[in-house]
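*Asks:* Structure, please.
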Amino acid sequence: MKTRLTSYATVLLLLASPVFAAEPAKDALPVIPDSTEKKILGHMQEANLQKLQGWPGMIFYCPSEESAIPAVKQICTDAYAKLEALSVQNGVKFNKARNANDVALLPHLTGRLKLLIELTPTEASAQPAAIAARVSVLAHYTNAINRYADLNQDESQTKHPLNVPQHVDAILWETSLVRAGASLDALSKPVADGLAAGLEQFFADYAKANK
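*Replies:* Numbering: from 1, shown residues only. Sure thing, here's the model as predicted:
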């Protein structure tokens, strides 16, 4: 009898399981249809492209002079050559920043975008070696505030820090990569090639935004 009751219970559980499985979990995230997701991503892409319109040029910076690592210097040399070629090809005016001070000051003097290349290598003796690279395109704003906070704050309250004008670098475009290998010197070409592909994509987006 015990065996029969157990088998009946098993059958009932098996029959009920589809019902329980069909009930969505209370904390489940809503499912976005593919067509809606495609529209949202398309809108975001168009909005990002609009932010690249109308700038009078760019300021390039790669830490070649501030690094003692030969691989980093070589990557920067290759990146500058690629940037200059793409700028000429697309009719973009540019300045090369000599150091971090130039990066901070030139946007105020020129009103141009900043295109920064950051390189983070492992220690020279590390095995295996790796280099992380990042390209950031930044717009510098000298009087930025949080407009939403400004519209919704009680005038009798002390001014919120978000409403105090700030110097802000807004990221308009970025990409990153990591390459690993036997040594840093062996990574200079793979990293430079990866950066070149990223820079080509950025200039393609920039040209599309300004056509």
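*Asks:* first vs last residue of stretch 116-136, how far apart are they?
*Replies:* With CA to CA, to the nearest Å as the measure, the first residue of stretch 116-136 is 5 Å from its last.
*Asks:* ok, for the most centrally placed residue in the chain, nearest residue in space, not its chain neighbours?
*Replies:* With distances taken as CA atoms, centre = their mean, the chain has residue 174 as the residue nearest its mean C-alpha position (3.5 Å). Taking CB to CB, 6 or more residues apart in numbering, and ignoring the residues beside it in sequence, residue 174 has residue 136 as its nearest neighbour in space, at 4.7 Å. (Each C-beta comes from the backbone N, C-alpha and C, glycine too.)
*Asks:* The one you found looks like it's in a helix, true?
*Replies:* No. Checked against DSSP: H, G, I helix; E, B strand; the rest coil, residue 136 lies outside a helix; its state is strand.
*Asks:* tell me the SS of residue 87?
*Replies:* Applying three-state DSSP: residue 87 is helix.
*Asks:* returning to what we had before: run a quick neighbour tally on the residue nearest to residue 174.
*Replies:* Taking other CB atoms under 10 Å as the neighbour definition, residue 136 ends up with a count of 17.
*Asks:* Could you give me the buried positions within stretch 46-58?
*Replies:* Going by neighbour count (16 or more other CB atoms under 10 Å), the buried part of stretch 46-58 is 49, 51-52, 55, 58.
*Asks:* Residue ranges in the protein under the pLDDT threshold?
*Replies:* In the predicted model, the chain carries pLDDT under 70 at residues 1-27, 147-159.
*Asks:* thinking again about what came up before, contacts only, for the residue nearest to residue 174.
*Replies:* Residues counted as contacts of residue 136 (CB atoms under 8 Å, 6 or more residues apart in numbering) are 114-116, 118, 171, 173-174.
*Asks:* Can you pick out the most distant pair from the residues you listed?
*Replies:* Taking CB to CB, the two most distant members of the contacts of residue 136 are 118 and 173; they sit 14.2 Å apart.
*Asks:* Which of these two has more residues huddled nearby?
*Replies:* Remark: of residue 118 and residue 173, residue 173 carries more neighbours, 21 against 13, as counted by other CB under 10 Å.
*Asks:* Now do the strands in this structure.
*Replies:* Residue ranges of the strands in the chain, as given by DSSP state E, are 58-61, 94-96, 113-121, 129-144, 166-181.
*Asks:* So which of those is nearest residue 73?
*Replies:* Closest approach to residue 73 among those is made by strand 113-121 (9.8 Å; CB to CB).
*Asks:* List the buried residues of the closest one.
*Replies:* Of all the residues in strand 113-121, those buried under the rule 16+ other CB under 10 Å are 113-117, 119, 121.
*Asks:* Am I right that residue 103 is in contact with residue 116?
*Replies:* Yes. The criterion here is CB atoms under 8 Å, and residue 103 meets it with residue 116 at 6.9 Å.
*Asks:* Next, show the common contact partners of these two.
*Replies:* Between them, residue 103 and residue 116 share the neighbouring residues residue 61, with contact defined by CB under 8 Å, 6+ apart.
*Asks:* Specify the beta-bridge partners of residue 118.
*Replies:* Counting by DSSP bridges, residue 118 forms beta bridges with residue 134.
*Asks:* Thanks a lot, catch you later.
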